[in-house]
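Q: I would like the atomic coordinates for the input below:
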Amino acid sequence: MNHQPRTPDTAPLRDIPWSLVLALGTLALVRPLMSATGISEAIGSPWAQLGATLLITAAWIAAVVVARVPRPFLTLVFTGVTYGVLAIVVSAVLSPFLLGELQGPITNPFAIVSVLVTNALWGTVSGGIALAVRAALGRGPVRG
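A: Numbers count the residues shown, from 1 in each chain. Alright, predicted model coming up:
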């Protein structure tokens, strides 16, 4: 008999394609960059941001379905959190140049939490949709 001590199951985290998470999180930086460059206002601010959000979400879902990642749900939750972290960092770096002083979520701990939770929810919804799409397409066993 094998009497090895039990260790926590780390398979869910090993199954996350971290390079894809980083790439998809970086893709979402299109949203704040559209605002910073004035593209959102030129298009029509609320509609431009909504359209960008929908297109990014579709790209996230398509990426995990096409790549057949083992854990599409967790992959997109981590993608949302990654985007939140990147957005906070980009805001902190760009605000002194664009606004003349440090502004944005980095200046308020509650805002940091809000950004991370909001984007984790975005990833959660996207991940749920990806699971449904993958199941509907019959793309192999579905794990969170």
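
Q: any idea of the pLDDT on residue 110?
A: If you check residue 110, the pLDDT there is 95.

Q: In contact with it, which residues?
A: Residues near residue 110 by C-beta atoms under 8 Å, 6 or more residues apart in numbering: none. From N, CA and C alone the C-beta is placed, and that goes for glycine too.

Q: Tell me the spacing between it and residue 118.
A: Counting by C-beta to C-beta, to the nearest Å, the gap between residue 110 and residue 118 amounts to 12 Å.

Q: Which parts of this structure are helices?
A: Across the chain, reading from the start of the chain, the helices by DSSP state H fall at 11-14, 18-27, 30-37, 39-43, 45-66, 72-99, 109-137.

Q: residues of stretch 58-76 that come out buried?
A: 60-61, 63-65, 69-76 (16 or more other C-beta atoms under 10 Å).

Q: Next, the distance between the ends of it.
A: Terminal residues of stretch 58-76 lie 12 Å apart, using C-alpha to C-alpha, to the nearest Å.
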